[in-house]
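Engineer: 3D, please:
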Amino acid sequence: MRARSPGGRPGSIPAMTTVSPYPAPSLRRVAGLALPALVVLAAEPLYVLVDTAVVGHLGRTPLASLALGGGVLSLTAWIGAVLAYGTTGRAARRYGAGERTGAVAEGVQASWLALTAGLVILLAGQLLAGPVAHLLAGPHPDVAAGAARWLRIATLGAPGLLLGTAGNGWLRGVQDTRRPLYYVLGANACSAVLCPLLVYPAGLGLTGSAIANVCAQTLSGALFVRALVVEGVDLRPRPGVLRRQLVLGRDLLLRGAAFQACFLSAAAVAARFGAAALAAHQVALQLWFFCALALDAVAIAAQALVGAALGAGEDGHARWLARRIALIGLVCGVGFAVVIGAGVGVLPRLFSGDPQVYAQCLRAWPWFAGMQPLAGVVFALDGVLIGAGDVRYMRNLTIASALAGFLPAIWLAWGLRLGLGGIWAGLTVFVVLRLAALLGRMRSGRWAVVGATR
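Structural biologist: Prediction:
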């Protein structure tokens, strides 16, 4: 049990606070961390789905513009995931070793990195939105113009988005998933109300969607900064800690770069099959991201619990957690596959009434539904290795799977004119390759290194 101040609030614990010996993990503890994390993880993609549905009824061109703009902006979310995951692992090890104040200090330094990266992205968005949008849109200047306009506005929320993800990281590390629940739900609820109002009654169209995004991200970032301030820790940047976080982030960054190369290439190939194919790809991909992030709730619990177990020197507990979490991921993935398969006649039409878009969705749907059980295990084991700090292996695995599987498959789909089905077959190959390698790593046991740091 964590030591508390006389007032009972974890924010007022003095610098020398310690925790009791690490308790044995349980499925109840996994659920206690995963369920609030599930709501937090689902909130952002659920908002994106609402945004997609609202914009989708403006027509196929605005929806295709949102697909490209959102795909480029996902680079910011990727950097945020790097910050959050790296911070969770480091904070969890220190928390498990009895150093709660040190765990919060990891969040302070991660927030400085987040603010810096967010300002750089904001500037890059103003300068490069047009050229990038035209490059990805190919022979569709109307789609490119809409995507560029959306991007220039949406990148104004990059600092807030990254501050929010850094905040999520350290709070998960100290096994507090309740405050992120309130912060993220509140910000996204406000934006979900704003989006349709700005798009339709206010008459702003696609621009209204971008403004609503900025409002949600800025509010979320402000709430997470407040959470750090009330902890009462030193808020100054510490170059030594920043350097150590950057070293860890380097491997996660390269891993994320492989993902982004895959997804941006897939969007570019889909665009060359026409606006309907690109719009359908946006619908299926956003639903896939929603499933991935929902399944990632199990991975979040794994990061916090595995990191704390290894920080406390309990590698046996960490191995037990890895096995149970992989099984939970499989069961959840099967559940998603059933729902997605049964919803083939309904789900795509929620986002577009265009019959050509629906026909294109049907090409991706069998692959989308069929990969879910495998993806559930992959995402769960990703969380185990991130919590263990085994990010170099994850980097190498992701790059190899992208170069040997996903990228060749999607560009082959373009060359052979296989359409959207070929693109989604490539994503399935990517998942299968990663699953095989992750299972081998679990079996080897080389990931389970104990200690407050790795």
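Engineer: doesn't residue 363 make contact with residue 419?
Structural biologist: Yes: counting by C-beta atoms under 8 Å, residue 419 touches residue 363, with 5.6 Å between them. Every C-beta, even on glycine, is put in place using the N, C-alpha and C of the backbone.
Engineer: contacting residues for residue 117?
Structural biologist: 79, 83, 158, 162 (C-beta atoms under 8 Å, 6 or more residues apart in numbering).
Engineer: where does it land on pLDDT?
Structural biologist: Residue 117 is assigned 94 on the pLDDT scale.
Engineer: could you pull out the helices for the stretch 1-150 of the chain?
Structural biologist: 27-56, 60-96, 100-137, 141-154 (DSSP state H, counting those that start in this stretch).
Engineer: neighbour-wise, which one of the contacts of residue 117 leads?
Structural biologist: Greatest neighbour count in those, by other C-beta atoms under 10 Å, goes to residue 162: 31 neighbours.
Engineer: nearest residue to that residue in space, ignoring adjacent ones along the chain?
Structural biologist: residue 114 (3.8 Å; C-beta to C-beta, 6 or more residues apart in numbering).
Engineer: so where's the protein uncertain?
Structural biologist: Applying pLDDT under 70 to the chain flags the ranges 1-26, 45, 452-454.
Engineer: so who does the residue nearest in space to the middle of it touch?
Structural biologist: In the chain, the centroid-proximal residue (C-alpha atoms, centre = their mean) is residue 81; its distance is 5.4 Å. Listed by C-beta under 8 Å, 6+ apart, the contact set of residue 81 reads 165, 252, 256.
Engineer: tally of neighbours for the last one?
Structural biologist: Here the neighbour count serves as a burial measure; for residue 256 (other C-beta under 10 Å) it reads 21.
Engineer: the first one too?
Structural biologist: Residue 165: 30 surrounding residues under other C-beta under 10 Å.
Engineer: look up how far residue 429 lies from it.
Structural biologist: 29 Å (C-beta to C-beta, to the nearest Å).
Engineer: and the last one, by the same measure?
Structural biologist: Summarising the geometry, the distance separating residue 256 from residue 429, computed by C-beta to C-beta, is 19 Å.
Engineer: just to revisit the earlier point, and the contacts of residue 117 as a markdown table, adding distance to residue 197?
Structural biologist: Formatted as a markdown table, the contacts of residue 117 follow (distance: C-beta to C-beta, whole Å):
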| residue | distance to residue 197 |
| --- | --- |
| 79 | 30 |
| 83 | 32 |
| 158 | 23 |
| 162 | 26 |
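Engineer: just curious, which of these is nearest to residue 441?
Structural biologist: Distances from residue 441 to the contacts of residue 117, taken as C-beta to C-beta, are shortest for residue 83 (23.7 Å).
Engineer: which one is the closest one nearest to, not counting chain neighbours?
Structural biologist: Nearest non-adjacent residue to residue 83 (C-beta to C-beta, 6+ apart): residue 166, at 4.7 Å.
Engineer: element containing the one you found, please.
Structural biologist: Using DSSP states H and E, residue 166 sits in helix 158-173.
Engineer: just the residues contacting stretch 183-197, thanks.
Structural biologist: 39-40, 43-44, 46-47, 50-51, 54, 164, 167-168, 208-209, 211-213, 215-217, 219-220, 223-224, 227.
Engineer: at 6 Å what do you get?
Structural biologist: 40, 43, 47, 50-51, 54, 209, 212, 215-216, 219-220, 223 (C-beta atoms under 6 Å, 6 or more residues apart in numbering).
Engineer: with stretch 371-379 instead?
Structural biologist: 295-296, 299, 326, 329-330, 332-334, 336-337, 428, 431, 434-435.
Engineer: next: stretch 134-147.
Structural biologist: With contact meaning C-beta under 6 Å, 6+ apart, stretch 134-147 is reached by 61-62, 64-65, 68-69, 133, 206, 268, 271-272.
Engineer: show me the two of those residues that sit farthest apart.
Structural biologist: That would be 206 and 272, which, of the contacts of stretch 134-147, are the farthest apart (C-beta to C-beta) at 22.0 Å.
Engineer: so between those two, which is more surrounded?
Structural biologist: Between residue 206 and residue 272, counting by other C-beta under 10 Å, residue 206 is the more crowded of the two (22 against 14).
Engineer: enumerate every residue touching the more buried one.
Structural biologist: Applying C-beta under 6 Å, 6+ apart, the residues contacting residue 206 are 62, 146, 150.
Engineer: contacts only, for the nearest residue to the second one once chain neighbours are set aside.
Structural biologist: Translated: residue 146. Leaving aside its sequence neighbours, residue 146 sits nearest to residue 65 (C-beta to C-beta, 6+ apart; 3.1 Å). By C-beta under 6 Å, 6+ apart, residue 65 lies in contact with 143, 146-147.
Engineer: same check on residue 77?
Structural biologist: Counting by C-beta under 6 Å, 6+ apart, residue 77 has no contacts.
Engineer: ok, now how distant is it from residue 295?
Structural biologist: From residue 77 to residue 295 the distance is 16 Å (C-beta to C-beta).
Engineer: and if you look at residue 356?
Structural biologist: Note on residue 356: its distance to residue 295, by C-beta to C-beta, is 30 Å.
Engineer: pick out whichever of those two has more residues nearby.
Structural biologist: Each of residue 356 and residue 295 has its neighbours counted (other C-beta under 10 Å); residue 295 has more, 26 against 15.
Engineer: element containing the more buried one?
Structural biologist: Assigned by DSSP H and E, residue 295 falls in helix 275-311.
Engineer: distance from stretch 170-186 to the middle of the chain?
Structural biologist: Chain-centre distance of stretch 170-186: 15 Å, with C-alpha atoms, centre = their mean, to the nearest Å.
Engineer: revised request: answer the last question for stretch 42-50.
Structural biologist: Distance, centroid of stretch 42-50 to centroid of chain: 12 Å (C-alpha atoms, centre = their mean).
Engineer: and stretch 417-429, by the same measure?
Structural biologist: 22 Å.
Engineer: distance of residue 243 relative to residue 109?
Structural biologist: Distance from residue 243 to residue 109, by C-beta to C-beta: 10 Å.
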